[in-house]
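S.K.: Task: produce atomic coordinates for the following.
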Amino acid sequence: MYSTWLKLLPGFEWISWKSFFLGLLESYLYGWYFALIWVPIYNFVGSKSK
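M.R.: Numbering: from 1, shown residues only. Below you'll find the model as predicted:
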């Protein structure tokens, strides 16, 4: 699993407070990125079917 986190979260080290908060921040930002890309697409496609 460690190698997967290294690929997904740049700057991630396994156990340190710095890497924990960096991973937390990057996960939060990736969540927003996902939401900003896919939610409008979902709403657009959903409104077409009604």
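S.K.: who's in contact with the residue nearest in space to the middle of the chain?
M.R.: By C-alpha atoms, centre = their mean, the chain has its centre lying nearest to Tyr30, at 2.3 Å. For Tyr30, the contacting residues are Leu8, by C-beta atoms under 8 Å, 6 or more residues apart in numbering. Any C-beta I mention is one placed from the backbone N, CA and C, and that applies to glycine too.
S.K.: And it, how close does it get to Pro10?
M.R.: 11 Å (C-beta to C-beta, to the nearest Å).
S.K.: Gly11 in helix, strand or coil?
M.R.: coil (DSSP: H, G, I helix; E, B strand; the rest coil).
S.K.: Let me fix that, I meant to ask about Trp14.
M.R.: Using three-state DSSP, the secondary structure recorded for Trp14 is coil.
S.K.: Go ahead and confirm it touches Leu6.
M.R.: No - using C-beta atoms under 8 Å, Trp14 makes no contact with Leu6, being 9.0 Å away.
S.K.: low-scoring stretches of the chain, by residue?
M.R.: 1, 12-13, 49-50 (pLDDT under 70).
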